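1. structure of the sequence below:
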Amino acid sequence: MKNGRNRRVKMLSAQRGKKQTAIQSQLLAEQDRARSQESRRLVDLHSRQMAEVQTQLSNFKLKQQTEENRLRQGWQERDRLLWQRIDSVIKLEEDKVRERLEAERKVREQEERKKQEEEAQRRQLEEKRRKEEEDKRKALEEANRQRLEEEKRSAEVERQRIQDEKERTERLTAEAEFRKAAGLTTPQADWKNARSILTTLKTSTMKPIKAEKAKKSAWGGTTSKDYAKDWPTH
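-> Got it, this is the predicted structure:
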């Protein structure tokens, strides 16, 4: 009976061992399955977390890129506006410089034109003065030439007069000597006698006749000078 009980105990022990083994195996399988599920869960969680991280990173990068683009566009716009203002200032300064240079050029041209006009006027005055001096010189030379020619002609006339007077004096002297030798009067003496007779005639004998208008025209223009001009002087 004791053996039977031992067998029964052993059987129960064996069954209990098998059952414990089965339970342990089941527990181990459950643990493995749980670990596997946990592992898959963790992998899925990690994957989801990684995806979320990647998404966040992508969103962050996109946001960062968008912000950078916005900032870059803002910088570019500021740069454009800045350079536009700089270009405007430069153009304004260039326009001022151009206007100043243009004004200076006009002033220089006006001064140069005025200088040229003054120079032209000075040359004209100088030319006028030179011409006047030349005309005066020529007039003086011409006057001197005419004076010299007149003096020369006067000297020639005077010389000829003296020569004629000398020849006349010599001729009259010779004639006077001839008349004196022949007992005749000279032409001068004859002319003086005739002039005295005509003067007497005009003042006494012919005065009543000249008073008549009809006869005055025939006698009024005749004087002793008219007779004398036809009287020989030598």
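2. pLDDT weak spots in the protein?
-> In the predicted model of the chain, residues 1-17, 179, 182-191, 193-194, 197-198, 200-234 satisfy pLDDT under 70.
3. redo that, cut-off 90
-> 1-76, 78-80, 115, 118-119, 121-234 (pLDDT under 90).
4. go through it and flag its longest helix.
-> Ranked by residue count, the top helix of the chain under DSSP state H comes out as helix 2-182.
5. from K106, how far off is V97?
-> V97 sits at a distance of 15 Å from K106 (criterion: Cβ to Cβ, to the nearest Å). Every C-beta, even on glycine, is put in place using the N, C-alpha and C of the backbone.
6. scratch that, R168
-> 87 Å.
7. when those two are compared, which one has more neighbours?
-> Under the neighbour definition other Cβ atoms under 10 Å, R168 and K106 were set side by side, and R168 has more, 14 against 10.
8. the more buried one and A181, how far apart?
-> R168 sits 20 Å away from A181, going by Cβ to Cβ.
9. ok, now I86?
-> Taken as Cβ to Cβ, the span from I86 to A181 is 136 Å.
10. quick one, which of the two is more surrounded?
-> More neighbours surround I86 than the other of I86 and A181, with 11 against 8 (other Cβ under 10 Å).
11. separation between the residue positioned nearest the centre of the chain and E117?
-> Of all residues in the chain, the one closest to the mean position by Cα atoms, centre = their mean is E109, 3.5 Å from it. Distance, E109 to E117, by Cβ to Cβ: 12 Å.
12. same deal with A174?
-> In terms of Cβ to Cβ, A174 sits 81 Å off from E117.
13. with F60 instead?
-> Per Cβ to Cβ, F60 is found 82 Å from E117.
14. what do you get for V43?
-> Distance, V43 to E117, by Cβ to Cβ: 105 Å.
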